[in-house]
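In: sequence and predicted structure, then a few things I'm wondering about:
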Amino acid sequence: MRTQYLDAEATLAAAEAEAWAARDFDTLARLYMPLQEARRQRRQRCGEGVVCLDLVAADPGDEIDGRRIVENYPHGQLLAAGWGTTEPARKIRELAREHKLYVETFLAAVFPISGGGRAVVIEPLEDVALPDATPRPIDDLIRRLPAHCIVKAVEELPQGVRKGDATTYAQVMSMWEQLHAPFLAAADMQVDPIQKIEAYRKTQRVDYGCELAHQKAADVARELAREKRFRAV
């Protein structure tokens, strides 16, 4: 109610982690919807800032400095890609958390393609390994990537700095949805309810703004809580 959405998200996320560790399904069922709302507001606030999706290294000597990017764009939606590394994007995320900024970025890296050109790779999670930045054919690069990465030619990225509006928001949301879609589908296919919730939690790690991952996790937790109460009777 005080519109302190980042603080609300941090508090609710910590409570969710504690409830999950304790397998407190009743609490989990109650937490996911307010957590979703805090994250929805966070995403919306980010979308009201600047939108810059082409912060991409031009060559191995072109250093993309995450700290400098945050200083220049402390509010908005970004795509920052280092040469063969997502380190600039990870730094942006770290500084956003540390300084409570409404700025978000895709985890991106740029790779040289044999014969010329560059490809931008957007990875879904921070804890996956990317290949080295040796020039190679695009098909070879794609084979070496972790599952569910998005690959785009640099020229496909929207160019320049824009003020966030309904058009840019829809564009960025489409990219997030493309990134989280396979994880959400995998979660839906799980049969065991514990594994199902865990898969929805993983989807939230890929895209904190995925509302269905929160809603479906809440539904499964609610059913588990109901079964637990029924067995106790």
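Out: All right, it came through fine. In this text the structure is predicted, and so the values were computed from the model without any measurement.
In: and stretch 138-156, C-alpha only, in CSV?
Out: In CSV, the C-alpha atoms belonging to stretch 138-156 read as follows (Å, rounded to 0.1, in the frame of the first residue of the first chain):
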residue,chain,number,x,y,z
ILE,A,138,25.7,-19.9,-36.2
ASP,A,139,24.5,-23.5,-36.2
ASP,A,140,27.6,-24.6,-34.3
LEU,A,141,27.1,-21.8,-31.8
ILE,A,142,23.5,-22.8,-31.2
ARG,A,143,24.5,-26.5,-30.6
ARG,A,144,26.9,-25.4,-27.9
LEU,A,145,24.4,-23.2,-26.0
PRO,A,146,22.4,-24.2,-22.9
ALA,A,147,18.8,-25.2,-23.5
HIS,A,148,16.2,-22.5,-24.1
CYS,A,149,18.5,-19.7,-25.0
ILE,A,150,17.2,-17.0,-27.4
VAL,A,151,19.5,-16.2,-30.3
LYS,A,152,19.2,-13.0,-32.3
ALA,A,153,21.3,-11.2,-34.9
VAL,A,154,22.5,-7.9,-33.5
GLU,A,155,20.6,-6.2,-36.3
GLU,A,156,17.3,-7.7,-35.0
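In: what's in contact with it?
Out: Residues outside stretch 138-156 that contact it (Cβ atoms under 8 Å, 6 or more residues apart in numbering): 54, 56, 110-111, 113, 117-125, 128-131, 136, 175, 178-179, 182-183. Every residue, glycine included, has its C-beta placed from N, CA and C.
In: filter these down to just the ones in helices.
Out: Judged by DSSP state H, the contacts of stretch 138-156 include 175, 178-179, 182-183 as members of helices.
In: which of those sits closest to Leu31?
Out: Phe183 (20.2 Å; Cβ to Cβ).
In: ok, that closest one touching Gln204?
Out: No. Here Phe183 lies out of contact with Gln204, judged by Cβ atoms under 8 Å, at a distance of 9.1 Å.
In: and for Ala22, the neighbour number?
Out: Neighbours of Ala22 under the rule other Cβ atoms under 10 Å: 10.
In: repeat for the one 3 residues further on
Out: Other residues within reach of Phe25 by the criterion other Cβ under 10 Å amount to 24.
In: how about Glu71?
Out: Neighbour tally, Glu71, other Cβ under 10 Å: 10.
In: who's in contact with the helix or strand hosting it?
Out: Element membership of Glu71, judged by DSSP states H and E, is helix 66-72. The contact list for helix 66-72, computed with Cβ under 8 Å, 6+ apart, reads 55, 78, 80, 87-92, 94-96, 99, 101, 103.
In: on that earlier part again, filter the ones in helices among the contacts of stretch 138-156 down to the buried ones and express that as a PyMOL selection.
Out: What follows is the PyMOL syntax selecting those of those that are buried according to 16 or more other Cβ atoms under 10 Å:
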select buried, resi 175+179+183
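In: would Arg43 count as being in a strand?
Out: No. Arg43 sits outside any strand when classified using DSSP: H, G, I helix; E, B strand; the rest coil, being helix.
In: tell me the contacts of it?
Out: By Cβ under 8 Å, 6+ apart, the contact set of Arg43 is 104, 208-209.
In: tell me how far it lies from Val120.
Out: According to Cβ to Cβ, to the nearest Å, Arg43 stands 21 Å off from Val120.
In: cool, Ala153 as well?
Out: Using Cβ to Cβ, Ala153 is found at 8 Å from Val120.
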